[in-house]
Every structure is written in C-alpha cells, then in structure tokens.
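Peer 1: Okay, structure incoming, though there's no sequence with it:
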C-alpha cells in the first residue's frame, strides 16, 4: 500500500528526564549517544533488589511532581497534597542522583537507589529512539474516553515526539483528520523498516508500541480508569486504518511508534515545526 504523503510537522517535543516522572516540553533537543533524546529517562529509580521503581509497578510515583530549571541543570521534587508533607528539595541535574536517592527513599518508605545513564533507561533496548504519535491519534483517544483531556492523554502515553498534519493550520480539508497516521511509519514485519526524517534527523520506524499499566492511570493521582485497556484494544482494532500493517498487531493495546536512530545522527537537533518526510 502506498504511503500517505499529507504534510506533517513536529508540534510537541517532550523528554522525561526522570523515568516515570513529569515531562519537559522543549523547543529543540539533540539526539543523544544511544539514539534517544538527550537527557530522556536519564535517571531511573531502583529498589534494593535491583528492580525498577516506575509507573508500571508503583502507582504512588504519580504523586511526585518534578519541576526543572530552564537549562535542565536542576530539578525540584515535591509531593503537593501528600498527607505525609515531605519537604520539597532541589537537586543538581543530572549529577546529584545519589543525593536524590535519600529523598525518594523517604517518600517510598524503603531504600531507593537512583541511577544515572547518559544513554537513558529506555523500555525497548532495540528500538530505543524517541517514541512518536500524531495529534489526531491523541484526539481520537480523547473521543473514546471523554473524561481525558488532550494534555492528560499526552501525559498518560508519554511519547517524545508529536506530529500534526500541516493541513490543520492551513485550513484545507485534505487528510485533515487522520487518526493513527503514524501507523504508516513501521513495516509489515520485523525485518522491514520505514525510513523517514524530521528536519535533518534520519529515523527508522520499528513497531507499534505495546502499552503498559500506565495509560489507564491518572498521571497526577494514579487513580485507575476501570476497563480502559479492554475498551482501548477493542476500539483500536475496530478503527485500525487501511494503511496499518495488521500483521504487526499481536494484540491491539498498541499505540504510537517505536523508532531507531543511527549513531551518525548523534548531536543533530530536532526542532519544533520541523517537517516530517517519508523517504
């Protein structure tokens, strides 16, 4: 099936400097040494048995707020509304990860080890580039679940790159509403990739991203939206576009695209309003 060619551009660029915590919205971001975005998931929390303490396993983590300085050299951690009234603290970022371990240990009431990696702690060790979604897809999810706002949907799915169709701004109707447009950015099997670029950065689409227990949860409180996963999968299958390679969906609780970026792209910049071009 030929690829769709509707003009599109990068309209949101987000990193999560501490894995499972709040995002930072950027105007531009360099590609890091491992193919991810610089400082994305640079800190990760571990328990003493070596397991991740993250949104998948620990809903209480959603109560923590992380606010970063404009230059990303400091982060302030707090728990607004938490009954334990743990004092907010500011830490140098990314250097003071060991000092931050104490604050997290107090919050979780267990020993927490914070680790730092310039490569980032990504969920997919193979397709470890930035995750990508379209604005239309996020809007479709908000129509399925009217209690979820667009910004909340962004925080639930935690993607790095958000693409919008240029026709939205121009006022034209050509392909002006195309949920799951991004499904064209991965091939029909694991050996096939779709190559594209955003601005000057070359990427490869890998696979539709399998989702975890995080999207059903309110990103601020951790409260679970009952039935979310089942209904999401049902509606995803029912609305799967003709351009989506159905062979890549062993289940339909999949949303957004995992990517890979070659070492040659390290230090190149992604910028807001960069066009996406399929190669």
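Peer 2: That came through, no problem. Remember, it's a predicted structure, so these values are computed and weren't measured experimentally.

Peer 1: and the helix or strand hosting residue 136, what other elements does it pack with?
Peer 2: Secondary structure from DSSP states H and E places residue 136 in helix 135-144. Contact partners of helix 135-144 among helices and strands, from 3 or more CB pairs under 8 Å, 6 or more residues apart in numbering; DSSP states H and E: helix 150-157, strand 161-165, helix 228-238, strand 254-260. For glycine as for every other residue, the C-beta is placed from the backbone atoms N, C-alpha and C.

Peer 1: Make a markdown table from those and add mean neighbour count and distance to residue 33 to it.
Peer 2: Compiled in a markdown table, these are given as follows (neighbours: other CB atoms under 10 Å; distance: least, CB to CB, whole Å):
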| stretch | mean neighbour count | distance to residue 33 |
| --- | --- | --- |
| helix 150-157 | 18 | 25 |
| strand 161-165 | 24 | 19 |
| helix 228-238 | 16 | 34 |
| strand 254-260 | 24 | 14 |
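
Peer 1: In the helix holding residue 136, which residues are buried?
Peer 2: 135-138, 140-142 (16 or more other CB atoms under 10 Å).

Peer 1: now swap in stretch 195-202 and tell me
Peer 2: Quick answer for stretch 195-202 (16+ other CB under 10 Å): 196-199, 201-202.

Peer 1: Centre of the chain to the helix holding residue 136, how far?
Peer 2: A distance of 15 Å separates the centroid of the chain from that of helix 135-144, by CA atoms, centre = their mean, to the nearest Å.

Peer 1: hmm, back to that, export the helices and strands packed on helix 135-144 as JSON lines, with columns for distance to residue 62.
Peer 2: Supplementary listing: these in JSON lines, determined by distance: least, CB to CB, whole Å:
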{"stretch": "helix 150-157", "distance to residue 62": "10"}
{"stretch": "strand 161-165", "distance to residue 62": "21"}
{"stretch": "helix 228-238", "distance to residue 62": "15"}
{"stretch": "strand 254-260", "distance to residue 62": "19"}
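
Peer 1: I'd like those as a markdown table, with distance to residue 75 and mean pLDDT appended.
Peer 2: Formatted as a markdown table, these follow (distance: least, CB to CB, whole Å; pLDDT from 0 to 100):
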| stretch | distance to residue 75 | mean pLDDT |
| --- | --- | --- |
| helix 150-157 | 17 | 98 |
| strand 161-165 | 22 | 95 |
| helix 228-238 | 30 | 98 |
| strand 254-260 | 25 | 97 |
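
Peer 1: Of those, which is nearest residue 39?
Peer 2: strand 161-165 (15.1 Å; CB to CB).

Peer 1: Which other helices and strands does that closest one contact?
Peer 2: strand 8-15, strand 132-134, helix 135-144.

Peer 1: how about low-confidence regions in this structure?
Peer 2: 1-6, 83, 166-176 (pLDDT under 70).
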